[in-house]
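A.B. asks: build the 3D model from these lines:
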Amino acid sequence: MKKYTFILLLLFSCYSFGQQMVYKPINPAFGGDTFNYNWLLSAAQAQNGFTAPNTDGQPLTQLEEFQENLNSQILGNLSRSAFDSQFEDGLQEGSFTIGDLALEIFDTVEGLVVNILNVTTGEQTQIIIPN
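C.D. replies: Predicted coordinates:
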């Protein structure tokens, strides 16, 4: 009986078929089908939690551009003159207050370090000027 079972299993194993497993990527960026691009893009956009800031989409007129440019130049001159009046001899070590900004300047091995703290919002920036 065992011989017949063994022979039957041996005969049926000759009739079995195998297939090679092939990996086909889905993403077209990695060799997948290019027709999947729209589906992948729409799925990514559906999951995107970020939104673009709302803008009017209208370009500025030349008068508005001139006004913005003039405002930035005036503010630049004011900040430069305030900086020059505060630091006549250049940057020196110490703590200074200019409006809402608290400046702390000190010298380290890396160079001159300027810590800037906005006391109203708590934002802080550090600038390192190498030696």
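A.B. asks: so what pLDDT did the residue nearest to the spatial centre of the chain get?
C.D. replies: What sits nearest the mean C-alpha location of the chain, by C-alpha atoms, centre = their mean, is residue 50, with 12.6 Å. pLDDT for residue 50: 81.
A.B. asks: can you check the one 4 residues further on too?
C.D. replies: Per-residue confidence for residue 54 comes out at a pLDDT of 64.
A.B. asks: contact partners for the closest residue to residue 115 other than its chain neighbours?
C.D. replies: Nearest residue to residue 115, sequence neighbours excluded (C-beta to C-beta, 6 or more residues apart in numbering): residue 104, at 4.3 Å. Heads up, the C-betas are built off the backbone N, CA and C, glycines and all. Going by C-beta atoms under 8 Å, 6 or more residues apart in numbering, residue 104 touches 94, 95, 96, 114, 115, 117.
A.B. asks: at 10 Å what do you get?
C.D. replies: Remark: with contacts taken as C-beta atoms under 10 Å, 6 or more residues apart in numbering, residue 104 is in contact with 93, 94, 95, 96, 113, 114, 115, 116, 117, 126.
A.B. asks: and the residues you listed, which is closest to residue 9?
C.D. replies: residue 126 (76.9 Å; C-beta to C-beta).
A.B. asks: contacts only, for that closest one.
C.D. replies: With C-beta under 10 Å, 6+ apart, residue 126 has these contacts: 104, 113, 114, 115, 116, 117.
A.B. asks: same thing with residue 65?
C.D. replies: residue 59.
A.B. asks: phi and psi next, for it.
C.D. replies: phi -60, psi -40 (degrees, to the nearest 10).
A.B. asks: distance of it from residue 79?
C.D. replies: 21 Å (C-beta to C-beta, to the nearest Å).
A.B. asks: repeat that for residue 118.
C.D. replies: 14 Å.
A.B. asks: before we move on, what about residue 25?
C.D. replies: When residue 25 is compared with residue 79 (using C-beta to C-beta), they lie 54 Å apart.
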